[in-house]
Structures are given as structure tokens and as C-alpha cells.
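K.L.:
sequence first, predicted coordinates after that:
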Amino acid sequence: MAQATQPNQAEQGVESEAEYTLESPAKCPACKASISSVQVIRLLRTKVNFTSSLPRRGYTVICPSCRTFVPATVGGLLG
């Protein structure tokens, strides 16, 4: 009998921290979909094997269609 698996967070519909509308549509480099907004999700450091001066939290930008990381910066807001 096959063991039931837990759905991952993307399948559970985890909410993003924020959504930003683009001034003009862009094409996602991963799925090639035309997107008019991007989503921001939070990163949390969960383990490190050394004393780190890096921040414990961060943010990354993802495509709302395929949820792949998109190269982008959000300036003046998070820093």
C-alpha cells in the first residue's frame, strides 16, 4: 500500500508577504508566462553550523504563475 504524502507548501497555497504590480508586463524567465505582478516571500534561516553575521531573515521575489525565483530587487522598502 502506498504511503500518503503531505502536500508541500506551494500546493497548500501559502500566502506571499507582499505582491507588487509591474509598471509594464514582463516575461518570467522560467515559465515564459507574461506577468504583471511579482510576489515577495520571506526567507528564515533555520540552521547554521558557524557564527554567522548574515541576517536571520530575508526576502525573495517569485513569479506568481510558477513560483520560481525571479531575479529582482525591492529597493528602499526592506533595507
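P.N.:
It's in.
K.L.:
so in this protein, where's the weakest helix or strand by average pLDDT?
P.N.:
In the chain, no helix or strand scores lower on mean pLDDT, DSSP states H and E than strand 57-62, which sits at a mean of 88.
K.L.:
which other helices and strands does it contact?
P.N.:
In terms of contacts (3 or more CB pairs under 8 Å, 6 or more residues apart in numbering; DSSP states H and E), strand 57-62 is packed against strand 34-44. Where you see a C-beta, it was placed from the backbone N, CA and C, and this is true even at glycine.
K.L.:
how near is the nearest residue to residue 65 once chain neighbours are set aside to residue 25?
P.N.:
Counting by CB to CB, 6 or more residues apart in numbering, residue 33 is the residue found nearest to residue 65 once chain neighbours are left out, at 4.4 Å. Using CB to CB, to the nearest Å, residue 33 is found at 10 Å from residue 25.
K.L.:
what about those two, which has more around it?
P.N.:
residue 33 (13 against 10; other CB atoms under 10 Å).
K.L.:
need the contact list for that one.
P.N.:
27, 63, 65-66 (CB atoms under 8 Å, 6 or more residues apart in numbering).
K.L.:
for residue 36, same thing?
P.N.:
Here residue 36 is in contact with 21-22, 25-26 (CB under 8 Å, 6+ apart).
K.L.:
most neighbours, which of those?
P.N.:
In the contacts of residue 36, the most neighbours by other CB under 10 Å go to residue 26, 16 neighbours.
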